[in-house]
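Visitor: Sequence and predicted structure are below.
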Amino acid sequence: MKDVFRVRRMWRPRGELRDRYDVVIVGAGSHGLATAYYLVKNHGVKSVAVLEKSYIGSGAAGRNTTIIRSNYRTPEGAAFYKRSVELYERLGADLDFNLLFSQSGHLTLAHSERAMVTMTERAEVNQLLGIDSRLVYNDTIAELCPELDLSDHPTWPILGALYHPPGGIIRHDAVVWGFARGADRGGVEIHPYTKVTGIQRSNGRVTGVSTTRGEVACDTVISATAGWSTRLKAPQPLFSTPWATELRPCPPRRWDTCRPKAATSSSCHSCQQGASTGAWRSRGTSRRSLIGMTAREARGWSAGSMTATGWSRTTKSS
């Protein structure tokens, strides 16, 4: 019982940077920390440092849809994400950390005949690749997600959906924390608030990085900064993308139906509309994020937000 109320750190506090590491990873999000974790676990690389300009998980890892699925349209994408779903299914046990992974199914809603054709094509591709994905109609949708308004009252009535039973949602912060703890236990050094300002190179080879805390020599640099990659001052041709653009969500026409609160629902299905334009609604902390809604709110939001393309329901009713 002595450990019940004892506060224990999940990973070590930031220490001093060493002069040299075998591998330096730029970016302490889910990709960077996962890379560090698997370098140690699967490849025995011990001298690894993860450098992050802010707190860990402060980038795209903390701002995403949190949806885990594999029902993509291309064979390459479907196979890649099928393996990803398989890894996530046992990742909590591997990390010995509750990632709040809920495989409650994923619905991609269709609102036009063309969208139904697209869903049919995706379902056929998925099934050929051995992925559990199929086209369902409103009677099945009503059973899976009774809160949805399946009438013809919304501006874009629901005609059907692509149903992916293995799909689900996960707590993105928990993924970051779990990988950080696992990497730290393997000896990886995590250095938040350490901005990489440049990559050093000599005779065509990377030799180290420059940071706000000094220079660090290394044999390998891995950029795990996602959309911020082109902002890292690296010599050509290390990164060939010439520019980067910051993307912002397209606001809906009516804000009154977008409330900064989590509403309850009777089950946990993620629903995504099948439109090609508009603003994606994801779990998060900003006012433009919908975590869930009541049936009454769903009807008003569907009718009033012409540019809204999806919402996730993540909590159960009491």
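Guide: Done, it's in.

Visitor: The nearest residue to residue 47 once chain neighbours are set aside - how many residues pack around it?
Guide: If the residues on either side of it in the chain are set aside, residue 47 comes closest to residue 22, at 4.0 Å by C-beta to C-beta, 6 or more residues apart in numbering. In short, each C-beta sits where N, CA and C put it, glycine included. When neighbours are defined as other C-beta atoms under 10 Å, residue 22 has 13 of them.

Visitor: Now stretch 164-183: average pLDDT?
Guide: Along stretch 164-183, the predicted confidence averages to a pLDDT of 94.

Visitor: cool, stretch 58-65 as well?
Guide: Averaging the model's pLDDT scores along stretch 58-65 yields 87.

Visitor: for stretch 104-123, same thing?
Guide: Here the mean pLDDT over stretch 104-123 is 93, rounded to a whole number.

Visitor: The residue nearest to residue 47 sits in which helix or strand?
Guide: When elements are assigned from DSSP states H and E, residue 22 belongs to strand 20-26.

Visitor: Neighbouring strands - and their directions - for that strand?
Guide: Within its sheet, strand 20-26 is paired with strand 48-51 (parallel), strand 214-223 (parallel), according to DSSP bridges.

Visitor: Buried residues in the longest one, which are they?
Guide: Same thing as strand 214-223. Judged by neighbour count using 16 or more other C-beta atoms under 10 Å, the buried positions of strand 214-223 are 216, 218, 221, 222, 223.

Visitor: pLDDT wise, what is the residue lying closest to residue 214 once chain neighbours are set aside at?
Guide: Closest residue to residue 214 apart from its sequence neighbours, by C-beta to C-beta, 6+ apart: residue 17 at 6.2 Å. Per-residue pLDDT puts residue 17 at 96.

Visitor: Quick check: which helices or strands does the helix or strand following the strand holding residue 22 pack against?
Guide: The helix or strand immediately downstream of strand 20-26 is helix 30-43, counting by DSSP H and E. The criterion is 3 or more C-beta pairs under 8 Å, 6 or more residues apart in numbering; DSSP states H and E, and the helices and strands that helix 30-43 contacts are strand 20-26, strand 48-51, helix 172-185.
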